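In: Sharing a model prediction with you, sequence too.
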Amino acid sequence: MEKQVEKVFVKLNQAWQKGDAVAVNDTTYKVKTADNLTFEIDKQSEYLEMQKSPAQRFALGEAKERLEGAYISFAKLPENVQDAIVRGEEYLHKSAYPKDGVIKESVKMVQMVYSPTSGSRLDVQIKRKEEVTLAQAKAYNHQFTQAEFDKMVNEGRFVSFEGRSSNGESFTKLAYYEPKLNDIRTKSALSSSTYLYGQQLTQEQADSLNQGKETKITIKATKKGPLTYMVSYSPRAERFITKSLEKAKVKDMETKDAITVSGEKKKKQPSNAISM
């Protein structure tokens, strides 16, 4: 009988990483990490943690360590907030503290993030006292243009921009204005390495979604055969927004009908007017 594989997190060399675990006996697991390191570990070890759900990207132990470093008590957060943090979602943390005899408010946007080069870390962005200005709107050595600034701040949309590292390497990023911080937030852009419903995006599809365009994408391998969706992307939530092609067509027809009816009503209004 094949032994059941459990998804786990293990802490090695002061860093948490994912692994697959198989029970050796009642007290021991045999674990294999993503970089093919294999070892046995006690099931009750403080360096072992079971993955709670497929959407969990970070260990609870790691999130606790990172947040404590940002003066946020992970244990005091509601369970749904803890779950959101280990899924890698944004969390806006508000707290009050006394200073010089007056109560002050601290507002932080925190998010667990992962980089293949630097590993996982806690991204912390503190609320600005005043709304960001165009001159202050910079990220990754990129100065946002007036058009990009207006699109984010005034229209509530996101923009795609080319950032540059200190050594001159360029990369695509997404940015949007967060009114709760009075500042601009940045997120990773989509690429041909991004998956949607188990299928990799083409670079053309990724570029289209990064530009904020609703894009028609066909998922080929499904139980019902190929299915086509109208897809858009929200960098704030870091989620795809999908609509079946049939529903999108119906909604488009309803919108056009509503515009037509509205136009007809406006045309009839003058004939119903009463002269005084």
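Out: Yes, it's here. Numbers count the residues shown, from 1 in each chain.
In: which residues of the chain fall in helices?
Out: 60-69, 79-86, 146-153, 203-210, 245-268 (DSSP state H).
In: The ones you listed: lowest mean pLDDT?
Out: Within the helices of the chain, confidence is poorest for helix 245-268, with a mean of 56 (mean pLDDT).
In: where does this structure dip in pLDDT?
Out: 1-2, 247-276 (pLDDT under 70).
In: and it, what are its domains?
Out: 5-50, 59-127, 129-189, 195-248 (automatic domain parsing).
In: Using JSON lines, lay out the ones you listed together with mean neighbour count.
Out: Backbone N, C-alpha and C define where each C-beta goes, glycine included. Compiled in JSON lines, the domains of the chain are given as follows (neighbours: other Cβ atoms under 10 Å):
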{"stretch": "domain 5-50", "mean neighbour count": "14"}
{"stretch": "domain 59-127", "mean neighbour count": "14"}
{"stretch": "domain 129-189", "mean neighbour count": "15"}
{"stretch": "domain 195-248", "mean neighbour count": "15"}
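In: how close does Lys173 get to Phe144?
Out: To Phe144, Lys173 is 11 Å away according to Cβ to Cβ, to the nearest Å.
In: Residues that sit against both of those two, list them.
Out: Both Lys173 and Phe144 are in contact with Phe161, where contact means Cβ atoms under 8 Å, 6 or more residues apart in numbering.
In: Next, the contact list for the residue nearest to Ala55 when sequence neighbours are not counted, please.
Out: Among residues not flanking Ala55 along the chain, Arg87 sits closest, at 4.9 Å (Cβ to Cβ, 6 or more residues apart in numbering). Listed by Cβ under 8 Å, 6+ apart, the contact partners of Arg87 are Ala55, Gln56, Arg57.
In: Check Asn36 too.
Out: By Cβ under 8 Å, 6+ apart, Asn36 has no neighbours at all.
In: And it, how close does it get to Asp20?
Out: Distance from Asn36 to Asp20, by Cβ to Cβ: 11 Å.
In: Equivalent analysis for Ser234, please.
Out: For Ser234, the distance to Asp20 - Cβ to Cβ - is 31 Å.
In: for Gln211, same thing?
Out: 38 Å.
In: again, but for Phe161
Out: Taking Cβ to Cβ, one finds Phe161 at 38 Å from Asp20.
In: again, but for Lys243
Out: 36 Å.
In: got it, and Val110?
Out: Taking Cβ to Cβ, one finds Val110 at 29 Å from Asp20.
In: which one of the contacts of Arg87 is nearest Leu227?
Out: Set against Leu227, the nearest of the contacts of Arg87 by Cβ to Cβ is Ala55 (22.0 Å).
In: since we're on the closest one, how many residues are nearby?
Out: 12 (other Cβ atoms under 10 Å).
In: so what's the backbone phi/psi at it?
Out: Dihedral pair for Ala55: phi -80, psi -10, per degrees, to the nearest 10.
In: Thanks a lot, catch you later.
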